[in-house]
Structure formats: structure tokens, C-alpha cells
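Undergrad: Could you look at this predicted model? Sequence included:
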Amino acid sequence: MFDSHVHSHHSHDAVSSIEDICRTSVEKGIAGVAVCDHADMWFYERQNTYEGFSACIREILNIRDKYEGTLKIMQGIELAEDRDEPEKAAKLLALCQWDVILGSV
């Protein structure tokens, strides 16, 4: 089983750290998770979206080794209103090699 859409505390609608997500996933027998936090262009500055995703990526990279062989941890993004703010969306998409990109309207 794989959870392909999880939000971390880097999203405006969640409170769990990446560590909490990973620990709970392993406890429930889940083989992998894709952390796909919100990237809402309408709230880009107010939610410090770029800084939040930079922190989320660092957090995922720092924890992957701990769960290697137990849990696959993928970097994702839930991109909303990207056509309204293509420059901001492009800046986010250039942050890393994303495993999952979700489009949201």
C-alpha cells in the first residue's frame, strides 16, 4: 500500500512533521508516502510558499536514510493556480526533481 497524497506541517491545512508521517506510515504497514504539500499561488507570499517547500525538501532529504528499506518517501507538490502565476510556479518546480506533481484548481 502506498499513500500518494499526504500533507505535512509545511502545508496550511496540516500539522504533522515528516517524521510523524513516516513513523505512522511504518506503523500502519504502508510501503511509501508522497508528501505533496499545497502550493497555492493565490497565497504564495502570505504562506511563505517557497521557503516552506525548501524546508520540506530538506526535511525529506534528511530523513530518507533513516527509513531506507522500510518506507519509500517521495517529494511531491500540489500546485494550484499555476496558470495565474506561471513565474512563481516555475520557481517552485525548479526547486528539485519532483517525484509527484499534482494539479489543483
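TA: Great, that's in hand.
Undergrad: secondary structure element for Leu34?
TA: Let me fix one detail, which is that residue 34 is Ala and not Leu. strand 32-40 (DSSP states H and E).
Undergrad: what about the closest residue to Ser17 other than its chain neighbours, how many residues close to it?
TA: If the residues on either side of it in the chain are set aside, Ser17 comes closest to His9, at 5.6 Å by CB to CB, 6 or more residues apart in numbering. Where you see a C-beta, it was placed from the backbone N, CA and C, and this is true even at glycine. As a burial measure, the neighbour count of His9 was computed by other CB atoms under 10 Å and equals 17.
Undergrad: One more: Leu71?
TA: Residues within reach of Leu71, counting by other CB under 10 Å, total 19.
Undergrad: just to revisit the earlier point, need the contact list for the residue nearest to Ser17.
TA: With CB atoms under 8 Å, 6 or more residues apart in numbering as the criterion, the residues that contact His9 are 15-17.
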